[in-house]
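In: what shape does this take:
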Amino acid sequence: MIVHWGRNLLRAAVLKVLQCLYLVETQPRNIASVTLILRDFDGVAYSHSANDADKEIHISTRHIQGYEARAQHEILGILTREMVHCFQYNAKGTCPGGFLEGIADFVRLRACLNAPYWNTSLPSNSENWDAGYERTAFFLVWVEQQFDGIGGGVDRALNEGVRNTTYDNGRVWRDVTGQSVEHWWLAYKRPF
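Out: Residues are numbered from 1 along each chain as shown. Got it, this is the predicted structure:
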């Protein structure tokens with residue numbers, strides 16, 4: 001029963017990630033396996049790639065115990081965000097970590113799998129758009145709401161923008177939105 005439940009959660013996470021990051025014709029075909037490992041450790045979760053085809057997602061059983069009342073929601077949210085790391089492009093290893101983590105949490109947000117421990121406070125003047133995690137995810141949601149000309153979503157367009165190139169902040173954002181990321185970040189923080 002648990003194996004069947006786990007397979008269904010993995011399948012749901014993969015489908016959400018592929019839907020958010022790719023068109024059917026651009027979905028990567030190189031991922032051969034994703035292994036889910038549940039074990040006791042500090043933290044929440046992490047993903048690991050043994051190579052381009054074989055991925056691992058490690059989830060902390062200690063973390064899940066803290067969310068027993070909503071364990072399935074939390075596990076699916078974690079799986080979804082970590083699955084992003086298994087499938088997302090990373091500009092040949094040159095993407096800033098905050099960018100990658102922000103896209104992962106953005107996909108989790110789009111899947112309606114918000115975490116109760118996320119910081120939803122307004123960004124401070126000293127924070128940057130690529131602080132990562134939920135801070136960057138909320139910013140990306142706002143950008144998507146402001147700019148609807150990209151058709152498939154800002155997450156898909158940004159992911160495609162770092163596919164076969166090294167990371168260039170100015171180029172990626174201008175190609176996707178027509179403006180610099182600094183333009184969007186200043187506009188995002190303006191009401192605050």
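
In: got any ranges where the chain has weak pLDDT?
Out: Within the chain, the segments meeting pLDDT under 70 span 1-6, 148-152, 192.

In: what do you get if the cut-off is 80, keeping everything else the same?
Out: 1-7, 147-153, 191-192 (pLDDT under 80).

In: so where's the longest helix in it?
Out: helix 2-21 (DSSP state H).

In: which is the next helix or strand following it?
Out: Counting by DSSP states H and E, the next helix or strand C-terminal to helix 2-21 is strand 33-39.

In: with just CA atoms, put that following strand into CSV.
Out: Extracted in CSV, the C-alpha atoms of strand 33-39 (Å, rounded to 0.1, in the frame of the first residue of the first chain):
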residue,chain,number,x,y,z
SER,A,33,15.1,7.1,-12.7
VAL,A,34,14.2,9.1,-9.6
THR,A,35,14.7,7.3,-6.4
LEU,A,36,12.9,8.5,-3.3
ILE,A,37,14.8,8.1,0.0
LEU,A,38,13.0,8.7,3.3
ARG,A,39,15.4,8.9,6.3
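
In: just checking, residue 52 touches residue 30?
Out: Yes - with contact defined as C-beta atoms under 8 Å, residue 52 counts as touching residue 30 (5.5 Å). C-betas here are computed from N, CA, C, even on glycine.

In: this structure: strands as residue ranges?
Out: Assigned strands in the chain, in chain order: 33-39, 45-49, 54-60 (criterion: DSSP state E).

In: what helices and strands are in contact with the longest helix of the chain?
Out: On a contact count with 3 or more C-beta pairs under 8 Å, 6 or more residues apart in numbering; DSSP states H and E, helix 2-21 meets strand 33-39, helix 71-87, helix 97-110, helix 154-161.

In: for those, give me a markdown table that also has mean neighbour count and distance to residue 169.
Out: What follows is the helices and strands packed on helix 2-21, written out as a markdown table (neighbours: other C-beta atoms under 10 Å; distance: least, C-beta to C-beta, whole Å):
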| stretch | mean neighbour count | distance to residue 169 |
| --- | --- | --- |
| strand 33-39 | 13 | 30 |
| helix 71-87 | 22 | 20 |
| helix 97-110 | 23 | 9 |
| helix 154-161 | 23 | 11 |
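
In: and these as TSV, adding distance to residue 117?
Out: Rendered in TSV, the data for the helices and strands packed on helix 2-21 read as follows (distance: least, C-beta to C-beta, whole Å):
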stretch	distance to residue 117
strand 33-39	19
helix 71-87	10
helix 97-110	12
helix 154-161	22
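
In: between these, which gets nearest to residue 14?
Out: Ranking the helices and strands packed on helix 2-21 by proximity to residue 14 (C-beta to C-beta) places helix 71-87 first, at 5.9 Å.

In: the inter-axis angle of the closest one versus helix 154-161?
Out: For helix 71-87 against helix 154-161, the angle by axes from the mean of the first three to the mean of the last three C-alpha atoms, to 10 degrees is 30 degrees.
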